[in-house]
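Peer 1: Sequence below, structure please.
(one chain, ligands or ions: 2)
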Amino acid sequence: MSEQVDVVVLGLGVGGEHVAGTLAENGLNVVGIEGRLVGGECPYYACVPTKMMVRAADLLAETRRVDGMAGHAEVTPDWAPVAARIRDEATDDWNDQVAVDRLVGKGARFVRGWGRLAGPGRVEVDGTVYEASRGVVIGTGSAPLVPPIDGIEGTPYWTNRDAVQIKELPESMVVLGGGPVGLELTQAFARFGVRVTVVEMAERLLPSEEPESGELAARVLEAEGIDVRVGSGAESVRHDGERFTVTLADGTEVGAERLLVAVGRYCDLGAIGADTVGLDPSAKFVEVDDRLRAGDGLWAVGDVAGHGAFTHLAMYQGDIVIRDILGQDGPPADYRALPRVTFTDPEIGAVGLTEAQARDSGLTVRTGSTQVPSTSRGWIHKAGNDGFIKLVADTDQGVLVGATSAGPTGGEVLGALAVAVHGRVPVEQLKHMIYAYPTIHRGIGDALREL
Ligand SMILES: Cc1cc2nc3c(=O)[nH]c(=O)nc-3n(C[C@H](O)[C@H](O)[C@H](O)COP(=O)(O)OP(=O)(O)OC[C@H]3O[C@@H](n4cnc5c(N)ncnc54)[C@H](O)[C@@H]3O)c2cc1C
Ligand SMILES: NC(=O)c1ccc[n+]([C@@H]2O[C@H](COP(=O)([O-])OP(=O)(O)OC[C@H]3O[C@@H](n4cnc5c(N)ncnc54)[C@H](O)[C@@H]3O)[C@@H](O)[C@H]2O)c1
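Peer 2: Numbering: from 1, shown residues only. Ligands and ions are numbered 1, 2, ... in the order given. Model prediction:
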């Protein structure tokens, strides 16, 4: 059986749902195919439930800061309201009917099933081939990567998809991976009383960010009683029916009731029939140009497009694909000012290049930084004021090419820095701007003076 349509969107995560809904609103005949839940990883297993966990954990931490600052407070953590909020408010008990109705309400046709590319302009799902006259958009996202660590297969390890569904907390947990997923969940669980060991194979936490970011994260987590292990990855895993034991590359062992694997994501291009449209099925991502085109009448958005795994990126790329398919003008993709925030406390936000990336790309680099505790607002804030602002300038062009903002509102302060990098605002102008007193973002002015 085959059906003619204008556009097929394969995978309705953040990017795919946005593209399918908007194209349908613009009058195209769109079929959206989703095997799991419309909306994808972010609302059901990732951003939204984990940020609810982070919010609850931060409330506990703030309450614990009352002593010495505002009197005395005692707090008894209870996971039940967190689990209930995730179930009832965030995920509708992992039911996507609202999202399906919203998509169909925009005029798209929805097909539940696992689709596969079946040659140019063709997608097959459960025996029906949809033939797209305008194009196919791949938005199949990514899945948790579970590396072939000796002994791990068959053990009851968790990934982010399990961790957000738990109703009861374990007593202890080993978290593999010191990236954003690992660190956000490590701190949230630890603040609820779980004894957490986090294991990062690289020499520091958040290895792709500034070294100062990983050092700050390690210092803060260790101060909260978390066992931080860096420089040695997991080599083997054992589960004796009750507890996990993880042997690290340096021969040491760590053990816990639960094991959370947070070592990155992968895309299975073989499973979506990439070879039928001339793409390499063993590639890590779909290769795209600056209009997200992967071939004639073929686009990819979001995690699968390989430029980073963020919801705001999938939405940004979705807008470009929508314009391209509708024949509308607009700028091509520009990743110079890609912002990212790890929602630990302190939040660790960054935009553009790190100092090392800027130097490696041959730029003439100068950096300036300031410590949040030594700014007026940071000093006033006191308990929980850890953080810094670091600026990376290209001195030939006289503009910022990157910045990191870590602190109690690190992600919000990042907004100003993202504008500076995106808009190529001359450093001279930034230096002569007025920064409100006493804000944490006023620290940008201090860091600029160091440049
Ligand atoms: C724990 C965690 C926390 C995160 N927190 C944040 C955050 O705070 N901020 C942020 O910006 N990003 C965050 N992210 C990243 C963010 O979730 C992803 O970047 C985003 O979901 C990517 O959207 P996407 O459209 O590429 O794909 P996804 O959301 O992965 O959706 C892809 C969809 O395609 C479907 N699919 C796949 N193959 C097929 C097929 N063959 N047929 C039919 N359907 C298919 C899948 O079922 C899925 O629903 C987080 C990620 C994790 C894991
Ligand atoms: N706040 C956010 O925006 C947010 C939150 C979570 C995730 N995300 C995105 O989702 C994606 C996945 O995040 P992630 O943290 O899973 O992946 P990641 O790749 O960012 O980090 C995984 C870490 O695991 C380490 N690792 C790999 N193998 C290991 C092993 N065997 N033992 C110990 N450590 C090992 C890596 O060195 C790396 O530091 C990222 O692209 C991230 O940007 C974004």
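Peer 1: Could you chop this structure up by domain?
Peer 2: With domains defined by the TED database, the chain comprises 2-44+94-142+267-326, 145-263, 339-450.
Peer 1: The second one - what's its average pLDDT?
Peer 2: I take that to be domain 145-263. With pLDDT averaged residue by residue, domain 145-263 scores 98.
Peer 1: is any part of that domain close to ligand 2?
Peer 2: Yes: contact between domain 145-263 and ligand 2 is present through 147, 149, 176-182, 184, 199-202, 207, 233-234, 262-263 (criterion: CB under 6 Å from any ligand atom). Where C-beta positions appear, they are placed from N, C-alpha and C, glycine not excepted.
Peer 1: if we can go back for a sec, closest one to ligand 1 among the domains of the chain?
Peer 2: Across the domains of the chain, the minimum distance to ligand 1, taken as CB to the nearest ligand atom, is reached by domain 2-44+94-142+267-326, at 1.9 Å.
Peer 1: model confidence over the closest one, on average?
Peer 2: Per-region confidence: domain 2-44+94-142+267-326 scores 98 on mean pLDDT.
Peer 1: Let me have the domains of the chain in a markdown table, extended by mean neighbour count.
Peer 2: Formatted as a markdown table, the entries for the domains of the chain read as follows, by neighbours: other CB atoms under 10 Å:
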| stretch | mean neighbour count |
| --- | --- |
| domain 2-44+94-142+267-326 | 20 |
| domain 145-263 | 19 |
| domain 339-450 | 19 |
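Peer 1: for the chain, what spans make up the helices?
Peer 2: Counting by DSSP state H, residue ranges of the helices within the chain are 14-25, 41-45, 47-64, 80-85, 97-105, 160-163, 180-191, 211-223, 311-326, 355-360, 376-381, 410-422, 427-431, 443-449.
Peer 1: can you tell me which of these comes nearest to residue 244?
Peer 2: With distances scored as CB to CB, the stretch of the helices of the chain nearest to residue 244 is helix 160-163 (13.6 Å).
Peer 1: any chance of the helices of the chain in CSV, with distance to residue 34 too?
Peer 2: As requested, these are arranged in CSV below (distance: least, CB to CB, whole Å):
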stretch, distance to residue 34
helix 14-25, 8
helix 41-45, 12
helix 47-64, 17
helix 80-85, 25
helix 97-105, 8
helix 160-163, 16
helix 180-191, 23
helix 211-223, 35
helix 311-326, 14
helix 355-360, 36
helix 376-381, 44
helix 410-422, 30
helix 427-431, 44
helix 443-449, 42
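Peer 1: Any idea which of the ones you listed gets closest to residue 172?
Peer 2: The closest of these to residue 172 is helix 180-191. By CB to CB, the value is 9.5 Å.
Peer 1: counting contacts, what elements does that closest one pack onto?
Peer 2: With contacts defined as 3 or more CB pairs under 8 Å, 6 or more residues apart in numbering; DSSP states H and E, the packing partners of helix 180-191 are helix 47-64, helix 160-163, strand 172-176, strand 195-200, helix 211-223, strand 339-342.
Peer 1: now with 6 Å?
Peer 2: If you count contacts as 3 or more CB pairs under 6 Å, 6 or more residues apart in numbering; DSSP states H and E, helix 180-191 packs onto helix 47-64, strand 172-176, strand 195-200.
Peer 1: What's the local residue count around the residue lying closest to residue 191 once chain neighbours are set aside?
Peer 2: What sits nearest to residue 191 in space, not counting adjacent residues and going by CB to CB, 6 or more residues apart in numbering, is residue 57, at 3.9 Å. For residue 57, the tally of surrounding residues (other CB atoms under 10 Å) stands at 22.
Peer 1: most centrally placed residue in this protein?
Peer 2: residue 310 (4.5 Å; CA atoms, centre = their mean).
Peer 1: Phi, psi for that residue please.
Peer 2: Recorded main-chain torsions at residue 310 are phi -140, psi 150, according to degrees, to the nearest 10.
Peer 1: Distance check, it against residue 134.
Peer 2: Separation of residue 310 from residue 134 (CB to CB, to the nearest Å): 27 Å.
Peer 1: picking up where we left off before, who's the spatially closest residue to the residue nearest to the centre of the chain that is not a sequence neighbour bridged to?
Peer 2: Leaving aside its chain neighbours, residue 310 sits nearest to residue 340 (6.2 Å; criterion: CB to CB, 6+ apart). Beta-bridge pairing of residue 340, defined through DSSP bridges, involves residue 350.
Peer 1: Retrieve the pLDDT associated with residue 340.
Peer 2: Reading off the confidence values, residue 340 has pLDDT 98.
Peer 1: Make CSV out of the domains of the chain and add distance to ligand 1.
Peer 2: Formatted as CSV, the entries for the domains of the chain read as follows, by distance: least, CB to the nearest ligand atom, whole Å:
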stretch, distance to ligand 1
domain 2-44+94-142+267-326, 2
domain 145-263, 4
domain 339-450, 6
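Peer 1: Please identify which of these is closest to residue 77.
Peer 2: The closest of the domains of the chain to residue 77 is domain 145-263. By CB to CB, the value is 4.6 Å.
Peer 1: Now the terminal residues of the closest one, how far apart.
Peer 2: Across domain 145-263, the terminal residues are separated by 6 Å (CA to CA, to the nearest Å).
Peer 1: same deal with stretch 5-25?
Peer 2: One end of stretch 5-25 sits 15 Å from the other (CA to CA).
Peer 1: near ligand 2 at all, it?
Peer 2: No: counting by CB under 6 Å from any ligand atom, no contacts exist between stretch 5-25 and ligand 2, the nearest distance being 11.8 Å.
Peer 1: right, and the helices of the chain - which one's nearest residue 141?
Peer 2: If you check each of the helices of the chain against residue 141 by CB to CB, helix 41-45 wins as the nearest, at 5.9 Å.
Peer 1: rewinding a little: I'd like to know how far the residue nearest to residue 191 sits from ligand 1.
Peer 2: In this view, residue 57 and ligand 1 are 14 Å apart by CB to the nearest ligand atom, to the nearest Å.
Peer 1: With residue 53 instead?
Peer 2: Computed as CB to the nearest ligand atom, the residue 53 to ligand 1 distance reads 10 Å.
Peer 1: That residue: neighbour count?
Peer 2: Residue 53 - counted by other CB under 10 Å - has 24 other residues nearby.
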